[in-house]
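Peer 1: Dropping the sequence and predicted coords here.
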Amino acid sequence: MEISLFFRPSFSCLSPSPFPNQTFFHYMHLQVSTCASASGKQNQFTQMDIHKQKRSNALIWNETIRGYVKNASWVKLLRVYYQMQRIGINPDKLVFLSVIRACGSLSDLQAGRKIHEDIVERGFESDVVVSTALASMYAKCGSLENARQVFDKMPERNFVSWTAIIAGYSQNGHSHEALELFKEMQVQGIKPNSITMVSILPACSNLLALEQGKQIHGYAIRSGLESDVVVGNGLINMYAKCRNLNIAHKVFERMPEQDLVSWTAIITANSQNYRHHEALTLFNKMQVQGIQPNSITIISVLPACANLLAMEQGKQIHGYAIRSGFEHDIAVGTGLLDMYNKCGHVNIAHRVFKRMPKKNVVSWTAIIAGCFQNGQPHEALAFFNEMKVQGIKPNSITIVSILPVCADLLALELGKQIHNYAIRCGFETDIVVVNALINVYAKCGNVNIAGKLFERTPQRDLVLWTAIIAAYSQNGHPHEALAFFNEMQVQGIKPDSVAIISVLPACGHLFSVDRGKQIHGYAIRSGFASDVVVINGLIDMYAKCGKVHIAHTLFERMSERDVVSWNAMILAYGIHGHGENALALFSQMQQTGTKPDHITFTAILTACSHAGLVDQGWQYFEGMKSDYGLAPKMEHYACLVDLHGRAGHLDEAHDIIKNMPLKPGADVWGALLGACRIHRNIELGEQAAKHLFELEPNYAGYYVLLSNIYAEARRWDDVIKLRTMMKQRGVKKPPGCSVVAVHREVHTFLVGDRTHPQSEKIYAMLETLYGQMKKVGYVPNTNLVLHDVEEEVKESILCSHSEKLAISFGIINTSPGTPISIMKNLRVCSDCHNVTKFISKIVVREIIVRDANRFHHFKDGLCSCGDYW
């Protein structure tokens, strides 16, 4: 709070100097008062031979100080004060008030303390005006301890003194203390005035202390202060910060006079509380009332335009800013480029940015964030680098804005560099920065560093817990994700909708429908059951847990659906082999007017591929370009190659790869290799494998597929060569692994596993089942065994595949007729597929198997895939 609100020293009564050189002194005074340029006149006063002035007149010094006060030349003012001290001129009360004000304006605590010593020495400390000014100065310098010491030593205190100390505490974020002082002031019989009201109301805002704010409002009404426009403006701000816009509007409407600040306050209140239409309406009404917006008003209304995507209104405000000379204001320019970015006009935002004569860290941060939000991560990175070249030091918000760019580009090394910068700047303890860093490391697959960051952060809010849950869930660590979700609740942090959708994929990954149902129940109890995003996550979870009928029920009950809802259900049908249902749902989606996106077409092409709907799949692929203007991406070409390859159209699949406008990636060549494995095409399989070994030389799956092709053709020498290549490159084939949950306990089986406590019973059950299967026509497909051994040995190897062990365990440990759900980490082989069909008929059970590609529902000797997988 400026002490000048209460006391402004006046020099108008001072008479001219009687000294012979008074003309020179008056010339000097005019130079100071008109703020002459620093180049020629900066030190005119100090150039005088002050030391030859034996009897200088203190009034002349006061005139000089007055000029510096007028022009806010605080550094020069202090120099003059020190010069006075050196030549023996005793400062009076007015001089001390001026230099105290200078120290406060410069936040120069050291100088302020020196002035305080001089004041004590001169005997002015007991003066209430000087002491009040000292307390205010210390508060501005951030030393509330010194401010309070001065205040407590004052022999008498008036309303100005109380207001100064209250304002000091309020402005330094000590809102509770400010409110206590306000109460004590009234206990002491000192009546607050309008400036006191304006000083204490921000404390209520900071604490969201609505009731106390209302009490102060009541006092203002009883004291007749509510009609004061400054008090009214403060009340509007307080109610807005406390999220009570209705009362804020009533205060505004009752004001006998509404100035520019009043209009700006009510516009800001609406804009910050997401009532953007009201903000724009008030902005227009203000101009109709003849009140012209200033730069603060423009800054306040631009976010409303941005959030409403009100581009035309934003352009009109931009035009007004240009005509009024506000365009070159840094804050206005930043607001404009942010508005254009959020309206999707990033090119105009760039032009605004380039025309800004001065740019600060906020401007640079806004343009970086805008580029990323508009799908231009490389441009965002270029601006970040240019910012550093220009010598602008990034702040924590800049760091939070550039880290998602690193995540999007999978730029791990750059992310690490920014992490190191954040550590050097002390930002690593900023919870928002830590959250962004965890996201970078998670997206780049380095979940270990993300975990360490989380563990080193003592203060963990809901956002941080959600970030670490998502990090582990997205990186294939579902057990850890669920453990963090549990621990979060133990720590008293209640999950919100974002936390729920972050942990649901972990349930799907583990095939844990029981755990998924628990989280579903929590969502219902917490009021999230109607949240579209949560329902979308539940649909996906139930589908991946094999419960497509529950997913369908949830989808049908949705009161509103977005494109993600349709995508989730179409994909659910697709991976469960219900291709016709997926196509019917897509048709229904089109009828509702919901515009499909790239993910929709990935889902529908996947459904066509798993169901063998080649012609329909091709039509959808063509339609995404012609009907919706969507350029196919790599995943769409991979789906198309898979669609033709599975159907045995290998030449057409190869032609698609040769003619596609993008450079084929591993997914595309992998789809072709998988098709060659199904249809035993060695030559084309070798071509696909050659590309894959170059693109992803450490991925074992491609070596295994080619090895399977060689083994079925009995080319054992090639199988051996391939194994040798894998060994030389350090590539290891992951063992087949199947998981089955019985009575909420998960049991894991590896190929040939005999470590389970029930191994004897499991293998005995398999032997019994094999005997029954052979009686009804089962013949082992020993061509799948990648070893040149005797047929009996091959049969034994086939019998010990992990999914067969898991099914046998499930039969032993569940009641007759109970469905058995199995999850396998690899694609199910044709022999296991055939065996499971036989078993489902023999034991009269539904057996659900989720392999690496899709779901298989076995029942009565048939599979939902129709033997097409």
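Peer 2: Yes, it's here. Numbers count the residues shown, from 1 in each chain.
Peer 1: if I look at residue 439, how far off is residue 464?
Peer 2: Counting by Cβ to Cβ, to the nearest Å, the gap between residue 439 and residue 464 amounts to 11 Å. C-beta here means a position set from N, CA and C on the backbone, and glycine is covered the same way.
Peer 1: Please read the previous query as pertaining to residue 267.
Peer 2: Distance from residue 267 to residue 464, counting by Cβ to Cβ: 34 Å.
Peer 1: neighbour count winner among those two?
Peer 2: Each of residue 267 and residue 464 had its neighbours counted (other Cβ atoms under 10 Å), and the higher figure belongs to residue 267 (25 against 20).
Peer 1: helices or strands up against whichever strand or helix holds the more buried one?
Peer 2: In this assignment (DSSP states H and E), residue 267 forms part of helix 260-272. Judged by 3 or more Cβ pairs under 8 Å, 6 or more residues apart in numbering; DSSP states H and E, helix 260-272 is in contact with helix 229-241, helix 245-254, helix 276-288, helix 295-308.
Peer 1: That helix relative to helix 276-288, how many degrees between them?
Peer 2: Between the axis of helix 260-272 and that of helix 276-288 there is an angle of 160 degrees, by axes from the mean of the first three to the mean of the last three Cα atoms, to 10 degrees.
Peer 1: Give me the pLDDT for residue 309.
Peer 2: pLDDT, residue 309: 92.
Peer 1: quick one, what contacts it?
Peer 2: The contact partners of residue 309, taken as Cβ atoms under 8 Å, 6 or more residues apart in numbering, are 342, 343, 344.
Peer 1: Neighbours of the nearest residue to residue 393 once chain neighbours are set aside, how many?
Peer 2: For residue 393, ignoring the flanking residues on the chain, the nearest one in space by Cβ to Cβ, 6 or more residues apart in numbering is residue 361 at 6.8 Å. Applying other Cβ under 10 Å, we find 14 residues neighbouring residue 361.
Peer 1: Same question for residue 87.
Peer 2: A total of 12 residues lie near residue 87 under the criterion other Cβ under 10 Å.
Peer 1: Could you pull up phi and psi at it?
Peer 2: Geometry field for residue 87 lists phi and psi as phi -100, psi 10, criterion degrees, to the nearest 10.
Peer 1: in this structure, which helix has the most residues?
Peer 2: Assignment by DSSP state H gives helix 759-775 as the longest helix of the chain.
Peer 1: tell me what that helix is packed against?
Peer 2: Where contact means 3+ Cβ pairs under 8 Å, 6+ apart, helix 759-775 is packed against helix 802-813, helix 830-842.
Peer 1: Now the last one: buried residues?
Peer 2: Read that as helix 830-842. When neighbours are counted by 16 or more other Cβ atoms under 10 Å, the buried residues of helix 830-842 are found to be 831, 832, 833, 834, 835, 836, 837, 838, 839, 840, 841, 842.
Peer 1: residues touching residue 228, list them.
Peer 2: Counted by Cβ under 8 Å, 6+ apart, residue 228 has contacts 194, 197, 220.
Peer 1: I'd like to know which of the residues you listed is nearest to residue 365.
Peer 2: For the contacts of residue 228, the closest approach to residue 365 (Cβ to Cβ) belongs to residue 197, at 35.3 Å.
Peer 1: what residue ranges in this structure are flagged as low confidence?
Peer 2: 1-58, 783-791, 793-794, 869 (pLDDT under 70).
Peer 1: residue boundaries of the strands in it?
Peer 2: Using DSSP state E, the strands of the chain run over 737-742, 745-750, 820-824, 847-850, 855-859, 862-863.
Peer 1: Need the winner for burial among those strands.
Peer 2: Using mean count of other Cβ atoms under 10 Å, the stretch among the strands of the chain with the largest mean neighbour count is strand 820-824, at a mean of 25.
Peer 1: Next, the angle helix 802-813 makes with it.
Peer 2: Angular relation of strand 820-824 and helix 802-813 on a 0 to 180 degree scale: 160 degrees, by the same axes, to 10 degrees.
Peer 1: Could you list the paired strands of strand 820-824 along with their orientation?
Peer 2: Using DSSP bridges, strand 820-824 pairs in its sheet with strand 737-742 (antiparallel), strand 847-850 (parallel).
Peer 1: what's next to that strand, contact-wise?
Peer 2: Among residues not part of strand 820-824, those counted as contacts by Cβ under 8 Å, 6+ apart are 510-511, 513, 545-546, 736-741, 802-803, 806-807, 810-811, 814, 845-852.
Peer 1: From residue 396, how far off is the most centrally placed residue in the chain?
Peer 2: By Cα atoms, centre = their mean, the chain has its centre lying nearest to residue 436, at 6.8 Å. Spatial separation of residue 436 from residue 396 under the definition Cβ to Cβ is 10 Å.
Peer 1: ok, which stretches of the stretch 651-800 of the chain are helices?
Peer 2: Assigned by DSSP state H, counting those that start in this stretch, the helices in the stretch 651-800 of the chain fall at 666-679, 682-695, 700-712, 716-729, 759-775, 791-799.
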